[in-house]
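Peer 1: Let me see the structure of the following:
(chains A and B)
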Amino acid sequence: MSEANAPMLAADGRPLKKSLQRALRAQKLRALLLIAPLLLFILLSFLLPIGDMLFRSVENQIVPDTLPDTVKDLSEWDSESGNLPDEATFQALYFDLFLAAEAKQHSRLGSRLNYERPGISSLFRSTGRRLDDLGEQYQDVFAGFDPSWEDAGFWFRLMSAQGDDDAARDVLGAERNRVAKLTGIDTGGDIGFVPSATMAELLPRTTREYTAFAVYTVKDKNDVVAEEEPWESVYAALGLDLEAADPSAIAAYSGPGAEVLKAAALQAGQLPVIDYRQAMIDIDEGWGQESNWQTLKLYSGEYTNGYLLNAIDMQKTPEGPELKPEKQRIYIKLFLRTMALSLAITFLCFLLGYPIAFLLATLPLRTSNLIMILVLLPFWTSLLVRTASWKILLQQQGIINDLLVWAGIISNSGRLVMINNATGTIIAMTHILLPFMILPLYSVMKTIPPSYMRAARSLGATDWTAFWRVYFPQTVPGMGAGAILVFILSIGYYITPELVGGTSGIFISNRIAYHISTSLNWGLAAALATMLLVVVLALYWIYDKIVGIDNVKLG
Amino acid sequence: MCLAFAQDFGVVTACNRGKDMAAEPGEGAFVAFEHVQKSYDGETLVVKDLNLSIGKGEFLTMLGPSGSGKTTCLMMLAGFETATHGEIRLAGRPINNIPPHKRGIGMVFQNYALFPHMTVAENLAFPLEVRKMSRAERDAKVKRALDMVQMGAFGGRRPAQLSGGQQQRIALARALVFDPALVLMDEPLGALDKQLREHMQYEIKHLHESLGITVVYVTHDQSEALTMSDRVAVFNDGVIQQLADPPTLYERPDNSFVAQFIGENNKLHGRVTAIDNGRARVKLDDAAGEVNAMAVCCGAAGEQTMLSIRPERVIVGAGPEQNALAARVDELIYLGDHIRCRMNVAGRDDFIVKIPNSSAHAALRVGVETNVGWLTEDCRALDAA
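Peer 2: Numbers count the residues shown, from 1 in each chain, chains lettered A, B, ... in the order given. As a prediction, this is how the structure comes out:
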């Protein structure tokens, strides 16, 4: 018994299975090498771009990257309380926006949020221009205390670490990270400045802002920290820090610039007391509007379902997703129209293509070759030329209308509108996609021997019964393949609807193209494309359930 | 044009006209072809002036090489091709203008033509369905037809799940299920292996006998034709060369084509010197001698002729009265029940003799010189083609 269960051995005593695997390995490897270029090509040119595109439909990192502290504070704000966020949030907004404005990233954020709340981009732009004023109020007072506060070298000495023990590496790392996320530049490497841990404890906000300033100055502008006067925001941070600082701690400080700092601390009472909330509202009254803050809070996450909701005519509200107002709903309608027109085109292709495919499959070779050339002729001419020729044929002053008027079928004033609407799209696209229906049908029909029809007729079936009961069912795989091909091609078609579709004949893909190239709302374009992909996959799944995908034959 | 052709072919068909054509289209014939011609391109005739009548209950085989027009004849009978000229009658009724589905003829195709998207039972029910038969009646008939071909358990299968022989039985059952009086078979066993083919030959023959149907069977396999048929029509070049029952066909071929197409045949060329009382005196080429033969299809004295002798009718070591000719053994092939002996006779080295495997001929060796001969009744003087 045990011998029967023992693994079979090859002639050299190794287990047979292993020997077989070894023998097949070379073959498998060679096969893999043969398809490797295609695999690589598909991966690089198809899967990666599509994955990236799909990712864009949920990606929202620009908001938390640009306003990291504001977003953190906002998470505790109850957007339906009826109150504006608290003072700390406004302070965070000031410092976040100041750095963003220095790096010229605030307008990008503005454009991003503008997709969700039209008009909000001007709020960010105008705020970015006027942020300096606030810090300058502090700057002037500090300069009055001691001219050293306007000296770049003094600031550098004050903030720099006194040896390794004093280095606040965590602050430096955090600020490197903040600038990197905001600007996308590499902030690693030596910047010639390490913040002091003593200072980070004594003046935390100032240390942070100065470090951010230092990182940005070195990494983006390639300047030397010790030679640059700090930004206005650093003065504002110093003002806030001195207001909040423990006087005894400052008195105990003995590092570089201790005298000047102590003097400033003693005179802190003379510093302007600034209400940041009011200051921001003064800069732009948009910051006083609760709805702007709601938008900011709704889109504060790293990922958002906002684009996808938008793609199905919904929007995010503090109460949760809801349908957009009636007038703003366009995408569902466009999806439905795209599907309806695609179905119509598929059906027309089938109606026109079936008899031709039948002829191709049954006529003698010489004749069928001629027809095949006629079928393939559209493939040999440019898509644009074909579409343009449909324009010439179908337009109101075009050949067909001229003929109809000439023949007296329609009056001159009653010329048919056949282009720049859904009719034009259907006609032109049916023409263009017809070969994709004919070829799979033909290849399937070609494999059906004529003896089936003969057998059916000899068994007593009329021509029609023989066709319907015997021939037609055998062409279903070809029909399935053709229909899937035409439908999927047409549902994503772009150029023809764009040229002949007018406004009532355009497809969802035209809208996607618009968002990619004109409105630059790639997130929404990606979301629409994602929805399109979902619809196609769903239809594919339904088709598989009803007809069975094994029943599709391309030849 | 048509006339010119007919005259032209008159020459070719000289040896088969008015002889064994016992079946001149008679009034009582079940199927009758009358002067049927068929051309596809308007330039050549594929079927030339076909006259043929088939009796009720007869098993008639159309035998011939490919391109001889036999399948075209079958297709004209089925209604898939129209006759260019002439009339085809079924049970006394002209059917030239009746579409195939109204002819009520069962047909078995070479590739079976079972509908792949239907089960076996659905395939069989199809002809009943189009005849608007009730469901109960349909089921009963389908069951009976399946049982008839011993395929009762396979009703639910698809054709693709059956072996070639099983598919053939189903095709047969389908052609018979609606009780047609006439069944056409177009090389139905061509795709089967030898053993199965022979088995199916008997089965079809037995079905034919038990059902009493009329069968027109097309094949290019002469042994199949001889095994199964009541009568065989040998086609060549669009013309029936001979129409006869198998023994006649084999033993008394009318012309050289039939003699060579059916069975094995030794041929010797020569010139007729005299014809006397149905017997011809023939002087062989190469001055090999003068022999006697039955004057079947040779011209008058002085014309070329071809002698036909079946290998098993050759007498080895014949005496002078047995048309003896000098022969040398070239090759011996042992086949168990008999020995095939290739000899050089009258300057030809393809003269075959079948010798029964008995001790009498043990002395035969390659290179041995002997005499071969035949009874005059066994040798037929045919056209020289």
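Peer 1: Name the residues of stretch A:465-482 that come out as buried.
Peer 2: A:465-467, A:469-471, A:474-482 (16 or more other CB atoms under 10 Å in any protein chain shown). C-beta: built from backbone N, CA, C; applies to glycine.
Peer 1: per-residue pLDDT, residue A:363?
Peer 2: Here the pLDDT value assigned to residue A:363 is 89.
Peer 1: That one contacts residue A:370, doesn't it?
Peer 2: No: here residue A:363 lies out of contact with residue A:370, judged by CB atoms under 8 Å, at a distance of 9.0 Å.
Peer 1: and chain B, what are its domains?
Peer 2: Following automatic domain parsing, chain B resolves into domains at B:19-256, B:265-382.
Peer 1: quick one: is the first one near chain A?
Peer 2: Yes: legend: contact between domain B:19-256 and chain A by CB under 8 Å from any CB of the partner chain is shown at B:78-80, B:99-107, B:109-111, B:113, B:115-117, B:126-127, B:130-131, B:174-175, B:178, B:184.
Peer 1: In contact with residue A:85, which residues are there?
Peer 2: Taking CB atoms under 8 Å, 6 or more residues apart in numbering or on different chains, we find residue A:85 in contact with A:73, A:74, A:77, A:293.
Peer 1: swap the cut-off to 6 Å and go again
Peer 2: Residues near residue A:85 by CB atoms under 6 Å, 6 or more residues apart in numbering or on different chains: A:77, A:293.
Peer 1: And it, what's its pLDDT?
Peer 2: 91.
Peer 1: quick one, phi/psi of it?
Peer 2: Backbone torsions for residue A:85, taken as degrees, to the nearest 10, come to phi -60, psi 170.
Peer 1: and the gap between residue B:355 and residue B:315?
Peer 2: Between residue B:355 and residue B:315 the computed distance is 10 Å (CB to CB, to the nearest Å).
Peer 1: repeat for residue B:158
Peer 2: Using CB to CB, one gets 58 Å for the distance from residue B:158 to residue B:315.
Peer 1: What of residue A:425?
Peer 2: Residue A:425 is 91 Å from residue B:315, by CB to CB.
Peer 1: I'd like the distance from stretch A:142-161 to the chain centre, please.
Peer 2: Mean-position distance between stretch A:142-161 and its chain equals 46 Å (CA atoms, centre = their mean, to the nearest Å).
Peer 1: Mind listing what's buried along that stretch?
Peer 2: Of the residues in stretch A:142-161, A:142, A:145-146, A:148-149, A:151, A:154-161 count as buried by neighbour count, 16+ other CB under 10 Å.
Peer 1: which of those lies closest to residue A:339?
Peer 2: residue A:159 (62.7 Å; CB to CB).
Peer 1: So, low pLDDT: which residues of the stretch 101-250 of chain B?
Peer 2: Scanning the stretch 101-250 of chain B for pLDDT under 70 picks out nothing.
Peer 1: residues in contact with residue A:508?
Peer 2: Residue A:508 touches A:334, A:335, A:338, A:532, counting by CB under 6 Å, 6+ apart.
Peer 1: Excluding chain neighbours, give the residue nearest to the second one in space.
Peer 2: Across the structure, with CB to CB, 6 or more residues apart in numbering or on different chains as the measure, the residue nearest residue A:335 apart from its sequence neighbours is residue A:508 (5.6 Å).
Peer 1: For chain B, see how far away the one you found is.
Peer 2: Per CB to the nearest CB, to the nearest Å, residue A:508 is found 37 Å from chain B.
Peer 1: Look through the stretch 251-385 of chain B and state the residue closest to chain A.
Peer 2: residue B:261 (26.7 Å; CB to the nearest CB).
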